[in-house]
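A.B. asks: my questions concern the predicted model and sequence given below.
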Amino acid sequence: MNIATPNHDSIRAVLWQGDHLRLLDQRRLPVEETYVDCRSAEEVASAIRDLVVRGAPAIGIAAAWGVVLAAQNEPERLEAASAHLRAARPTAVNLMWALDRMAGAGTDAQALAREAQAIQDEDLAANRRMGELGAALLDADAGVLTHCNTGSLATAGYGTALGVIRAGVSSGRISRVYAGETRPWLQGARLTMWELLRDGIPATLIADSAAAHLMKSGAVQWVVVGADRIAANGDTANKIGTYQLAISARHHGVRFMVVAPFSTVDMATAGGADIEIELRAPDELLGYAGQRTVVAGAQAWNPVFDVTPAGLIDAIVTERGVVERPDAQRMAELFRRTR
Ligand code: MRU
C-alpha cells in the first residue's frame with residue numbers, strides 16, 4: 001500500500017510576536033487549539049515546566065526567546081532569568097545548549113533576537129535534512145512505530161523522528177505508521193495522532209503495551225524515535241518507554257533509529273548513567289484529566305525519560321550525518337569530521 005500524501009508541515013508551536021512569545025498549549029490538544037502568551041522569562045520557564053511547550057528542540061527555542069524577553073524588559077536580570085530558564089527541566093540538553101548559545105550572543109536585545117531566530121531557523125533546516133537522511137535508510141513498503149511526539153509540535157517544524165516519517169511517507173517508502181500512546185502524558189495519543197492526521201498522514205494508535213505484539217506480527221520494520229540527550233558514547237535518553245521498545249525491537253529483528261539534531265548530542269556527558277532523568281509528580285500517573293483514577297493513598301513512581309544503551313540502536317541520524325551502530329568512537333568521528 002502506498003499512502004498518498006503531500007509533504008505537509010502546517011503546524012507551528014512556538015511563535016515569536018515581536019514583544020511576546022506565543023505558544024500552542026500542548027496540554028489542551030487535541031480537544032482545544034489555544035495559545036498561551038508569555039511576556040517574561042519567568043512565564044516562559046513556567047510554560048516549559050508545565051508542558052505548555054515540550055519536546056527537546058522546542059524547549060530550547062522557547063528558552064532562547066525567554067532570554068530575549070528578559071533582555072527587552074528587565075536587562076538587569078538577564079543572568080538570573082537565564083538561570084531560571086535553565087532549571088525548568090533537567091533532561092533535554094537542548095535547553096542548556098540554547099541558553100549557552102544565547103549567553104555567547106551578548107546582552108543586546110536585538111542581537112539576542114537575531115540569535116534566537118537563528119536557533120529556530122537552523123532547527124527547521126536540520127529537521128528537513130534529517131528527514132532525507134533517515135528516510136534513505138528505510139526499505140520500500142516499510143512499517144514504522146514511533147513513540148512520544150517528535151514532530152512540528154516538538155521542534156521549530158517538520159520534526160525529528162516525525163520528520164523522517166513525513167519524508168518516508170512523501171517518498172513512498174513508508175506504508176504504515178503506528179504511534180504508541182505514550183503513557184502517562186499521552187504525547188503519542190494526543191499530539192502525534194493529531195499532528196499526523198492534520199497533515200494528511202494516516203496513522204494507527206497502539207497502547208504502549210501492544211508494541212511487542214505489533215513487532216511480532218511483522219507490521220513494522222523500524223522503530224523511529226527522537227532524543228532528549230545523546231551521550232558521547234551514543235547512549236540515548238528519550239521519553240519513558242523508549243528503552244523497552246529498543247529491547248523488544250532487537251528481540252524481533254526490528255531496526256531502531258534515533259533522530260535528533262546535533263544540539264541534542266552532549267559530548268560532555270560520557271554515558272547514559274550520567275544523564276539526569278526527570279521525575280515528575282505522581283499525580284500524572286494517579287489520575288487523568290484532573291480526575292483521580294487510582295485509589296486514594298496509592299503511591300506512584302513517575303520517571304519521564306529512560307536511557308537506551310547505544311548497543312540497542314542501529315542508527316543515530318543527525319543533520320551532520322548518520323552514525324550506524326553508534327559507540328564512543330563513531331560519535332567522536334562524526335563530531336570531529338563535522339565540527
Ligand atoms: O516530556 P516531553 O514531551 O518533553 O518529552 C519529549 C520527548 O521525549 C521527545 O521524544 C524528545 O524530546 C524529542 S522531540 C523532537
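C.D. replies: Done, it's in.
A.B. asks: buried residues in stretch 156-173?
C.D. replies: Buried residues in stretch 156-173, counting neighbours by 16 or more other Cβ atoms under 10 Å, are found at 156-170, 173. Backbone N, C-alpha and C define where each C-beta goes, glycine included.
A.B. asks: now, which of those residues sits nearest the ligand?
C.D. replies: Nearest to the ligand out of these is residue 160 (Cβ to the nearest ligand atom; 4.1 Å).
A.B. asks: how many neighbours does the closest residue to the ligand within the stretch 151-300 of the chain have?
C.D. replies: Nearest residue of the stretch 151-300 of the chain to the ligand, counting by Cβ to the nearest ligand atom: residue 226, 2.9 Å away. By the criterion of other Cβ atoms under 10 Å, residue 226 has 32 neighbours.
A.B. asks: could you point out the longest helix in this structure?
C.D. replies: helix 109-135 (DSSP state H).
A.B. asks: who does that one touch, helix- and strand-wise?
C.D. replies: Identification of packing neighbours for helix 109-135 by 3 or more Cβ pairs under 8 Å, 6 or more residues apart in numbering; DSSP states H and E yields strand 14-16, helix 56-73, helix 93-103, helix 161-170, strand 255-259, strand 315-318, strand 321-324.
A.B. asks: all helices of the protein, in order?
C.D. replies: Using DSSP H, helices in the chain cover 41-49, 56-73, 78-86, 93-103, 109-135, 161-170, 193-198, 211-217, 242-252, 283-286, 328-338.
A.B. asks: any chance of those in JSON lines, with distance to the ligand and mean pLDDT too?
C.D. replies: JSON lines is the format used below for the helices of the chain (distance: least, Cβ to the nearest ligand atom, whole Å; pLDDT from 0 to 100):
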{"stretch": "helix 41-49", "distance to the ligand": "9", "mean pLDDT": "98"}
{"stretch": "helix 56-73", "distance to the ligand": "4", "mean pLDDT": "98"}
{"stretch": "helix 78-86", "distance to the ligand": "15", "mean pLDDT": "98"}
{"stretch": "helix 93-103", "distance to the ligand": "8", "mean pLDDT": "98"}
{"stretch": "helix 109-135", "distance to the ligand": "8", "mean pLDDT": "98"}
{"stretch": "helix 161-170", "distance to the ligand": "7", "mean pLDDT": "97"}
{"stretch": "helix 193-198", "distance to the ligand": "12", "mean pLDDT": "96"}
{"stretch": "helix 211-217", "distance to the ligand": "15", "mean pLDDT": "98"}
{"stretch": "helix 242-252", "distance to the ligand": "7", "mean pLDDT": "99"}
{"stretch": "helix 283-286", "distance to the ligand": "10", "mean pLDDT": "95"}
{"stretch": "helix 328-338", "distance to the ligand": "18", "mean pLDDT": "94"}
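A.B. asks: reformat the ones you listed as CSV; add distance to residue 265.
C.D. replies: Output for the helices of the chain, formatted as CSV (distance: least, Cβ to Cβ, whole Å):
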stretch, distance to residue 265
helix 41-49, 21
helix 56-73, 11
helix 78-86, 18
helix 93-103, 8
helix 109-135, 12
helix 161-170, 16
helix 193-198, 25
helix 211-217, 26
helix 242-252, 16
helix 283-286, 28
helix 328-338, 7
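A.B. asks: for residue 185, which of the ones you listed is the nearest?
C.D. replies: Across these, residue 185 has its closest neighbour in helix 283-286 (6.3 Å, Cβ to Cβ).
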